[in-house]
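Peer 1: Based on what follows, work out the 3D shape:
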Amino acid sequence: MRNDISFKPKITSHGSWIEMKCGICNTVFWVPPSRATEKRFQKYCSRKCRDVATSNLLKGIFGEEARGFKHGKFTSKRGYNHVLVSDIHGKKKDRYPMEQKLIAEKVLGRKLNFGEVVHHIDCNKKNNKNSNLLICSRGYHSWLHWRMSEEYGKKVLGGDYHSNLEYG
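Peer 2: Residues are numbered from 1 along each chain as shown. Presented below is the predicted three-dimensional model:
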């Protein structure tokens, strides 16, 4: 396979279409002039060839070869720790699942069922100790957060938090 895409389009007498050569399989294909401009340059004859080219370009930028690799851990925008796992549940893919989910699955000895979530008892997303994690249903998890906001409202606002909210 060839990944040389530095060639120039060849304008022919085939109407207003331009002859191109695929950067992967060297197949000749025709494109309208709008797809042969420098800004919008069609380099591949098919989606398959485009996918092969982009997968070749992406090799080596994930995992340990990546410039910003932080030993397989990062914190998401929502504040949860994610850990690099190469073989998760028999799938041969690099993934970054949430750390608390991996810890809960290890303690249980099984994969979490659909609808099961991991709750941080102290509400600290970074504290992933066994004693701080609770496995519960999504409904119970929602109820827990609602109940905690009720208690917070009573302590901080001095009353029923949800009844003091103005909707409108």
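Peer 1: So the protein: which segments form each domain?
Peer 2: 10-58, 64-164 (automatic domain parsing).
Peer 1: Can you show me the strands along this protein?
Peer 2: Secondary structure of the chain (DSSP state E): strands at 10-11, 18-21, 28-31, 73-75, 81-83, 116-120, 133-137.
Peer 1: Save the domains of the chain as a markdown table, and put in mean neighbour count too.
Peer 2: C-beta: built from backbone N, CA, C; applies to glycine. A markdown table is the format used below for the domains of the chain (neighbours: other CB atoms under 10 Å):
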| stretch | mean neighbour count |
| --- | --- |
| domain 10-58 | 13 |
| domain 64-164 | 13 |
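Peer 1: and those domains, which one is worst for confidence?
Peer 2: Note on those: domain 10-58 shows the lowest mean pLDDT, a mean of 73.
Peer 1: Leaving out sequence neighbours, find the closest residue to N132.
Peer 2: Closest residue to N132 apart from its sequence neighbours, by CB to CB, 6 or more residues apart in numbering: I121 at 5.1 Å.
Peer 1: looking at it, that neighbour is touching C136, isn't it?
Peer 2: No: using CB atoms under 8 Å, I121 makes no contact with C136, being 10.6 Å away.
Peer 1: ok, back up a step: contacts only, for the residue nearest to N132.
Peer 2: Listed by CB atoms under 8 Å, 6 or more residues apart in numbering, the contact partners of I121 are S131, N132, L133, L134.
Peer 1: Assess the claim that the second one and K126 are in contact.
Peer 2: It refers to N132. No: when contacts are counted by CB under 8 Å, N132 is not listed as touching K126 (10.0 Å).
Peer 1: ok, the closest residue in space to E116 that isn't next to it in sequence - contacts?
Peer 2: The shortest distance from E116 to any non-neighbouring residue, by CB to CB, 6+ apart, is to I135 (5.7 Å). Residues near I135 by CB under 8 Å, 6+ apart: A104, L108, L112, E116, V117, V118, H119.
Peer 1: Can you lay out those as JSON lines showing distance to R50?
Peer 2: Output for the contacts of I135, formatted as JSON lines (distance: CB to CB, whole Å):
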{"residue": "A104", "distance to R50": "40"}
{"residue": "L108", "distance to R50": "42"}
{"residue": "L112", "distance to R50": "36"}
{"residue": "E116", "distance to R50": "39"}
{"residue": "V117", "distance to R50": "38"}
{"residue": "V118", "distance to R50": "39"}
{"residue": "H119", "distance to R50": "43"}
